[in-house]
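>>> When you get a sec, could you give me coordinates for this:
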Amino acid sequence: MTTRSFLRSFLGLAVSTSVVAFPAIAGAQEWLKDRRFSEGAGVRAGDFEIHPGVGAEIGYDSNWLLRSYRTGFQNSAPAAPEKGAGMLRITPSISIQTLSAARRKDQGEGGAQPMVELRATAAATYREFFGDSELTKQRNIGANLDVRADIAPRRPFGFSLFGGVSRIPRPNTGADPNQAFDSDNVYGGGEFNIAPGGGTFDMHAGYTLNATFFEKLSGKPFDNIRHEIAVRNRWRFRPRTALFSETSLGFQNYSNPNGAATVLTNSTPLRTRFGVNGLVGPRVAFLGAVGYGASFYALGAKTTQQYDSVIGQAELRFYLTDNPDTSELGKVSLTQSSLTVGYTRDFQNSFLGDVYGVDKGYGTLSYFFGARVLTSATAAVSNLSFKNVFLADGSVAASSFNVVRPEITLYGEYRFSDTIAMNLTANYSQNVTSQSIKYPEGSFDLAWRRAQVFLGGRFFL
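Sure, this is the predicted structure:
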């Protein structure tokens, strides 16, 4: 691979990971993000219940390759203009879990809490593209598997084991599948839970391992492993309101940082915060937290930069109906209808300038009515604050800069029955910035825009 193509591919990765992606479930369809929406009554198999499903969607993606809408750059017109593509998405999914106490009671078996609760979920999405040859060769499969076991749940002493794996497709702006940044992400860990007395106070202490491995040679320098230990405490002073504190310490290490086009530095990120969470009325809930975050990148390199600031979150949620603790077995109840507004401040590891700060305001409106129609709208605006960007030779590729990222997602679903639904998904996101990354053979622009719209149907149990 030439230096030029390597830098072009690397910057494509930097855009897709540092600037684009920090969702919890990368690329997940809207109905998969909340199991209260994705699952129906299920099928009983002994002490387990099974929820299979499959969805198919046809739609359009205006900029899968995340190319710039400006001109004169390595990743923009005239050399690499934006290209839209038709797309088919097929998503099978399944979840298996131990029979809940509520379901046992509903079926006349008593509501005793089981000693062990198991849950496993799996989903995969196949994407087929329709367009010119640059796009048709982008077909891919994303997938995720999550498994969790809770031993002695909701008892004075217990512990949990969890793990999973996901495959995340990531193209580069050059459209060469052999230089794509598809990654396999593996995680696993355990947690001890202590809730003495009646559960007024509880504590959770655990460990998690996260490992990211890139499948193609172009991404191997960015393979990394992160260990994290965390402690969470909660004190309930009202039936559904609690004070809490949480602290986490991570140890992130790159496997081969010297092979990257920019300086990659190992770090020990620390986050700690305390706050309150709960209902302040029959239809109003509040979450407020404030704390401290620091990146603690390893010292030694003259390019090392740190994040050292306040972190926190404030969220207000209005339930559009009373009694948000009530739900109907196998269905999404009216109590899931809500309006949420909030703000978060945090930081993220970056392939551009070590670290960036995130200030994000967001709002969500969801409503389920008539036992048939589910609608949701989510809007957010993020301000991403990047440090100076250095290439591996120590030269400055960009001085510190900001990226403003608006995004909106609209989702609507009509349920013909308890197992069949039609849905429509539309979303738009954009990087608003005049910043480009300069290197000896050209410049890579960080501005882009992307719109998607999909119409589909799904079957679920």
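>>> so where's the stretch 201-350 of the chain uncertain?
300-302, 322-336 (pLDDT under 70).
>>> repeat that with 90
By pLDDT under 90, the weakly predicted segments of the stretch 201-350 of the chain are 217-222, 236-240, 255-265, 279-283, 299-305, 320-337, 350.
>>> need the helices for the chain, in chain order.
Counting by DSSP state H, the segments of the chain that form helices are 3-14, 35-38, 101-106, 133-136.
>>> Could you measure from the residue nearest to Gly53 when sequence neighbours are not counted over to Ala123?
Closest residue to Gly53 apart from its sequence neighbours, by C-beta to C-beta, 6 or more residues apart in numbering: Phe460 at 3.7 Å. Bear in mind the C-beta positions are built from the backbone N, C-alpha and C, glycine included. Phe460 sits 12 Å away from Ala123, going by C-beta to C-beta, to the nearest Å.
>>> And for Met115?
Met115 sits 28 Å away from Ala123 when distances are taken as C-beta to C-beta.
>>> who has more neighbours, those two?
Ala123 (23 against 12; other C-beta atoms under 10 Å).
>>> Bridged to the more buried one, which residues?
Counting by DSSP bridges, Ala123 forms beta bridges with Ser93, Asn144.
>>> Also Gln97?
The partner list for Gln97 in beta bridges (DSSP bridges) reads Glu49, Arg119.
>>> wait, it sits on Asp146?
No - the pair Gln97 / Asp146 is not scored as a contact, 11.5 Å apart, by C-beta atoms under 8 Å.
>>> Give the residues shared as contacts by these two.
Ala120 (C-beta atoms under 8 Å, 6 or more residues apart in numbering).
>>> I'd guessed Thr262 sits against Ser350; true?
No - contact criterion C-beta under 8 Å: Thr262 and Ser350 do not qualify, at 9.6 Å.
>>> pLDDT (mean, whole number) over stretch 158-168?
Mean per-residue pLDDT for stretch 158-168: 97.
>>> Return the distance of it from the chain's centre.
Computed by C-alpha atoms, centre = their mean, to the nearest Å, the chain-centroid distance of stretch 158-168 equals 15 Å.
>>> Pull the residues that contact that stretch.
26-27, 141-152, 182-193, 195, 206.
>>> ditto for stretch 313-323
For stretch 313-323, contacts defined as C-beta under 8 Å, 6+ apart pick out 273, 275, 282-289, 334-335, 337-345, 367.
>>> Go through that stretch and flag the buried ones.
For stretch 313-323, a neighbour-count test (16 or more other C-beta atoms under 10 Å) marks 313-317, 319-321 as buried.
>>> which ones among those are found in strands?
Using DSSP state E, the subset of these located in strands is 313-317, 319.
>>> Of the residues you listed, which is the nearest to Ala41?
Taking C-beta to C-beta as the measure, Ala41 sits nearest to Tyr319 out of those, at 24.1 Å.
>>> For beta bridges, what are the partners of Leu365?
Per DSSP bridges, the residues bridged to Leu365 are Leu339, Ala377.
>>> Is it correct that it is in contact with Ala377?
Yes - using C-beta under 8 Å, Leu365 is in contact with Ala377, at 4.9 Å.
>>> who touches both of these two?
With C-beta under 8 Å, 6+ apart, Leu365 and Ala377 have no common neighbours.
>>> quick one, what contacts Phe386?
Neighbouring residues of Phe386 by C-beta under 8 Å, 6+ apart: 350, 352-353, 356, 398, 400-403.
>>> Swap in 10 Å and give it another go.
Phe386 makes contact with 18-19, 305, 350, 352-357, 398-403, 433, 435, 446, according to C-beta atoms under 10 Å, 6 or more residues apart in numbering.
>>> Filter these down to the buried ones and express that as a ChimeraX selection.
To isolate the buried ones among the contacts of Phe386 in ChimeraX, judged by 16+ other C-beta under 10 Å, type:
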select :18,19,305,350,352,353,354,355,356,357,398,401,403,433,435,446
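>>> Of the contacts of Phe386, which belong to strands?
Mapping these onto strands (DSSP E) picks out 355-357, 398, 401-403.
>>> quick one on the thing from earlier: rank the helices of the chain by pLDDT, which is bottom?
Looking over the helices of the chain, mean pLDDT reaches its minimum on helix 3-14, with a mean of 54.
>>> Low-confidence stretches in the stretch 1-150 of the chain?
Along the stretch 1-150 of the chain, segments meeting pLDDT under 90 span 1-47, 99-115, 131.
>>> Would you mind checking the contacts of stretch 313-323 for buried ones?
Using 16+ other C-beta under 10 Å as the burial test, the contacts of stretch 313-323 include 273, 275, 283, 285-287, 289, 334-335, 337-338, 340, 342, 344-345, 367 as buried.
>>> And those residues, which is closest to Pro171?
Closest approach between these and Pro171, by C-beta to C-beta: Thr344, at 28.1 Å.
>>> Tell me the residues that contact both of Phe460 and Ala123, please.
38, 53-55, 93.
>>> wouldn't Gly86 be in contact with Phe129 here?
Yes - the pair Gly86 and Phe129 passes the contact test of C-beta atoms under 10 Å, sitting 7.1 Å apart.
>>> So if I had to pick from these two, which one is more boxed in?
Shown here are Gly86 and Phe129; by other C-beta under 10 Å, Phe129 has more neighbours (18 against 14).
>>> now that one: how far from Leu424?
Relative to Leu424, and taking C-beta to C-beta, Phe129 is found at 20 Å.
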